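**Q** The sequence isn't on hand, but the structure is:
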């Protein structure tokens, strides 16, 4: 059975988000809890281009630059029940040998996945420590 693990940095991101945008934080936390308790949804987290329809809509994509450099990283886009896209992304790693998904960051969608960005370095470091 697969596991969903929240990295301490991602927990900090969620706490910060809770103070800034309680609605988005609640939606992301609820979705992660739903995914954690559902083996089929956990399996979907490793399927590039997977899209789940409303009312609990989310979308999975590989982080292409990271993938091309050997890091098994993905991003999760999340919608609210009104079909509005949240302004945050969940960045996570998939470790197939351990059947583990590790949430490494919750980021504002303005972040552009630049591998040289400070946040990217934080994510890559957390990934390397897995």
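**A** Structure's in. What do you need? Computed from a predicted structure; not experimentally measured.
**Q** Could I get the full set of strands for the protein?
**A** Assigned by DSSP state E, the chain shows strands spanning 3-6, 51-52, 58-62, 73-79, 85-95, 100-108.
**Q** Let me have these in CSV, extended by mean pLDDT and mean neighbour count.
**A** Where C-beta positions appear, they are placed from N, C-alpha and C, glycine not excepted. Shown next, in CSV, are these (pLDDT from 0 to 100; neighbours: other C-beta atoms under 10 Å):
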stretch, mean pLDDT, mean neighbour count
strand 3-6, 97, 16
strand 51-52, 92, 14
strand 58-62, 96, 18
strand 73-79, 96, 21
strand 85-95, 97, 21
strand 100-108, 98, 22
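**Q** now those strands as CSV including distance to residue 19?
**A** As requested, those are exported to CSV (distance: least, C-beta to C-beta, whole Å):
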stretch, distance to residue 19
strand 3-6, 17
strand 51-52, 28
strand 58-62, 23
strand 73-79, 19
strand 85-95, 13
strand 100-108, 13
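**Q** Out of the ones you listed, the one nearest residue 33 is which?
**A** Minimum separation from residue 33 across those (C-beta to C-beta) falls at strand 3-6, 8.9 Å.
**Q** which residues touch the closest one?
**A** Residues outside strand 3-6 that contact it (C-beta atoms under 8 Å, 6 or more residues apart in numbering): 14, 32, 35-36, 42, 45, 98-103.
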